[in-house]
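Q: got a structure for you, letters missing:
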């Protein structure tokens with residue numbers, strides 16, 4: 001990180017622990033909700049459909065609150081203070097979930113929704129603020145940041161998931177809260193490296209009036225491109241987020257998890273995508289960089305199209321798993337691992353790319369709000385994931401997994417057909433970073 005701003009590792013560390021908190025909780029949420037109410041580690045005893053519905057609503061609202069979170073930062077507090085406030089609410093939410101009480105369960109979820117909504121869009125916008133306009137290191141900075149996110153996402157299911165499943169769900173929730181507290185400590189310690197980033201900037205107004213300066217035609221065109229890209233984001237995360245819901249349940253019930261006589265806990269597999277991100281993050285980024293140096297197409301819209309197709313192909317592996325499970329009882333673990341691998345390769349061509357894309361195209365005065373809109377699109381994708389996943393109860397896993405594969409590939413191909421026209425509307429915003 002020597003060539004990058006000193007504030008990058010601070011935000012890297014903070015987001016790593018926030019994701020440890022989030023993915024640790026996510027790894028055990030559906031399992032806890034569907035666990036029987038009797039036994040050594042009782043849960044809430046809900047059926048799969050009800051559990052996936054709540055999961056969809058929760059993950060939707062977590063990201064949907066990024067819109068007001070971005071608005072609060074842009075209009076009143078600034079990104080830096082809003083991130084800190086969000087972190088406090090996240091820690092409070094996780095610690096509340098550690099209490100074995102149904103009212104604490106719902107209150108904890110509400111606190112998490114508000115907390116992530118405050119932290120998530122603003123810390124991503126602060127990353128963009130570390131770099132000057134035209135700095136070619138910006139994309140690499142977002143890739144490093146994204147790897148940091150997934151270090152937390154990798155460790156959480158292994159630690160929180162294992163402790164939650166084996167020793168107690170509420171102990172797992174509490175451990176996730178401790179992770180967020182560590183993130184806040186690091187964030188406060190590193191404030192000296194963030195003095196020029198994330199501060200509140202008043203909206204410019206026309207002299208002598210209370211009206212804001214209107215957007216230029218170029219700014220409007222760029223916002224149109226961002227909004228279209230957000231539609232792709234909804235489709236992408238609607239498929240990808242099956243990992244925490246339907247694929248989590250499918251892994252528990254129909255994947256052979258026994259290796260050398262030891263049955264691997266279901267939640268542990270929630271760490272696999274993050275591990276693949278850590279392993280392949282720089283590899284995928286290097287591929288796109290080499291392609292760019294050769295003068296080939298590397299625009300963000302193009303990457304998003306390819307990412308959606310590759311990610312969708314991962315669900316074809318799950319189709320193979322369902323065919324084997326129908327004939328042999330349980331499917332081989334390799335199907336699940338291949339599915340996650342392809343999903344992650346697709347993710348690496350879309351998710352960090354979109355974060356950087358937003359900071360390049362969004363008008364400064366709407367930077368956090370547009371980042372919030374991105375996470376709102378992610379929210380709708382998460383809700384869609386819950387709806388699609390719950391269809392498996394009535395239509396079957398084969399139909400759901402195969403349908404996701406076909407739809408994602410078609411959307412990706414459609415985007416490829418129009419990406420040149422969309423690229424024109426960016427008015428060269430990306431060229432200055434090459």
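A: That came through fine. Quantities reported herein were computed from a predicted structural model and do not represent experimental measurements.

Q: Any idea how many residues pack against residue 344?
A: Residues near residue 344, counting by other Cβ atoms under 10 Å, number 27. No exception for glycine: its C-beta is placed from N, CA and C like everyone else's.

Q: Ignoring the adjacent residues along the chain, who's closest to it?
A: residue 276 (4.0 Å; Cβ to Cβ, 6 or more residues apart in numbering).

Q: next one: residue 170
A: residue 98 (4.8 Å).

Q: ditto for residue 259
A: Take residue 259 and drop its neighbours on the chain: the residue closest to it by Cβ to Cβ, 6+ apart is residue 333, 7.5 Å away.

Q: pLDDT at the one you found, what is it?
A: On the pLDDT scale, residue 333 is placed at 95.

Q: Wait, it touches residue 254, no?
A: No: between residue 333 and residue 254 there is no contact under Cβ atoms under 8 Å: 11.2 Å.

Q: just to revisit the earlier point, how near is the residue nearest to residue 259 to residue 109?
A: 32 Å (Cβ to Cβ, to the nearest Å).

Q: same question, residue 398
A: Counting by Cβ to Cβ, the gap from residue 398 to residue 109 is 32 Å.

Q: try residue 172
A: 15 Å.

Q: before we move on, what about residue 349?
A: With Cβ to Cβ as the criterion, residue 349 and residue 109 are 32 Å apart.

Q: Which residue of those two possesses the greater neighbour count?
A: Each of residue 349 and residue 109 has its neighbours counted (other Cβ under 10 Å); residue 349 has more, 24 against 19.

Q: Now do the contacts for the more buried one.
A: 284, 288, 303-304, 306-307, 310 (Cβ atoms under 8 Å, 6 or more residues apart in numbering).

Q: again, but for residue 276
A: 340-341, 344-345.

Q: and it, which of the three is it?
A: On the three-state scheme (DSSP: H, G, I helix; E, B strand; the rest coil), residue 276 is labelled helix.

Q: Which stretches in the stretch 251-400 of the chain count as helices?
A: 272-293, 300-328, 333-348, 351-361, 367-390, 392-395, 397-424 (DSSP state H, counting those that start in this stretch).

Q: how about the nearest residue to residue 300, chain neighbours excluded?
A: Counting by Cβ to Cβ, 6+ apart, the residue nearest residue 300 is residue 357, at 4.2 Å.

Q: is it true that the one you found touches residue 226?
A: Yes: if you go by Cβ under 8 Å, residue 357 and residue 226 touch, sitting 7.4 Å apart.

Q: Return the residues in contact with the residue nearest to residue 170.
A: Contacts of residue 98 by Cβ under 8 Å, 6+ apart are 170-171, 173-174, 177.

Q: just residue 54 next, same as before
A: Applying Cβ under 8 Å, 6+ apart to residue 54 gives the contacts 33, 46.

Q: Look at it and report its pLDDT.
A: Residue 54 is given a pLDDT of 89.

Q: After the helix or strand harbouring residue 92, which helix or strand is next? Please name it.
A: Here residue 92 sits within helix 79-97, counting by DSSP states H and E. As assigned by DSSP H and E, the chain's next helix or strand after helix 79-97 is helix 102-129.

Q: Run the angle between that next one and helix 351-361 for me.
A: 60 degrees (axes from the mean of the first three to the mean of the last three Cα atoms, to 10 degrees).

Q: Can you name the helix or strand that residue 140 falls in?
A: Counting by DSSP H and E, residue 140 is part of helix 138-156.

Q: returning to that earlier point: buried residues of the helix holding residue 92, list them for me.
A: For helix 79-97, burial by neighbour count (16 or more other Cβ atoms under 10 Å) applies to 79-97.

Q: low-confidence ranges in the stretch 101-250 of the chain?
A: Residue ranges of the stretch 101-250 of the chain with pLDDT under 70: 203-211.

Q: what about the residue nearest to residue 45 when sequence neighbours are not counted, neighbour count?
A: Nearest residue to residue 45, sequence neighbours excluded (Cβ to Cβ, 6+ apart): residue 37, at 4.0 Å. For residue 37, the count of nearby residues is 9 (other Cβ under 10 Å).

Q: show me the contacts for the nearest residue to residue 362 once chain neighbours are set aside.
A: Excluding its sequence neighbours, the residue lying closest to residue 362 (Cβ to Cβ, 6+ apart) is residue 370, at 3.9 Å. Applying Cβ under 8 Å, 6+ apart to residue 370 gives the contacts 70, 223, 226, 358, 362-363.

Q: Just these: which are in strands?
A: Judged by DSSP state E, strands contain none of the contacts of residue 370.

Q: nearest to residue 382, of these?
A: residue 70 (17.5 Å; Cβ to Cβ).

Q: Look up how far residue 110 lies from the closest one.
A: For residue 70, the distance to residue 110 - Cβ to Cβ - is 19 Å.

Q: between those two, who's got more neighbours?
A: A count of neighbours by other Cβ under 10 Å puts residue 70 above the other of residue 70 and residue 110, at 30 against 14.

Q: Could you tell me the per-residue confidence at the residue lying closest to the more buried one once chain neighbours are set aside?
A: Leaving aside its sequence neighbours, residue 70 sits nearest to residue 372 (Cβ to Cβ, 6+ apart; 2.9 Å). If you check residue 372, the pLDDT there is 86.

Q: how close does residue 372 sit to residue 195?
A: From residue 372 across to residue 195, the span is 24 Å (Cβ to Cβ).

Q: Pick out whichever of these two has more residues nearby.
A: Ranked by neighbour count (other Cβ under 10 Å), residue 372 and residue 195 place residue 372 first, with 30 against 10.

Q: Would you enumerate the residues in contact with residue 143?
A: Contacts for residue 143 (Cβ under 8 Å, 6+ apart) come out as 281-282, 285, 352.

Q: Pull the contacting residues for residue 160.
A: Contacts for residue 160 were tallied using Cβ under 8 Å, 6+ apart; they are 20, 23-25, 27-28, 172-173, 175-176, 179, 267.

Q: Measure how buried the spatially closest residue to residue 41 that is not a sequence neighbour is and give me the count.
A: Distance criterion Cβ to Cβ, 6+ apart; nearest residue to residue 41, sequence neighbours excluded, is residue 168 at 5.9 Å. Look at residue 168: counted by other Cβ under 10 Å, it has 17 neighbours.
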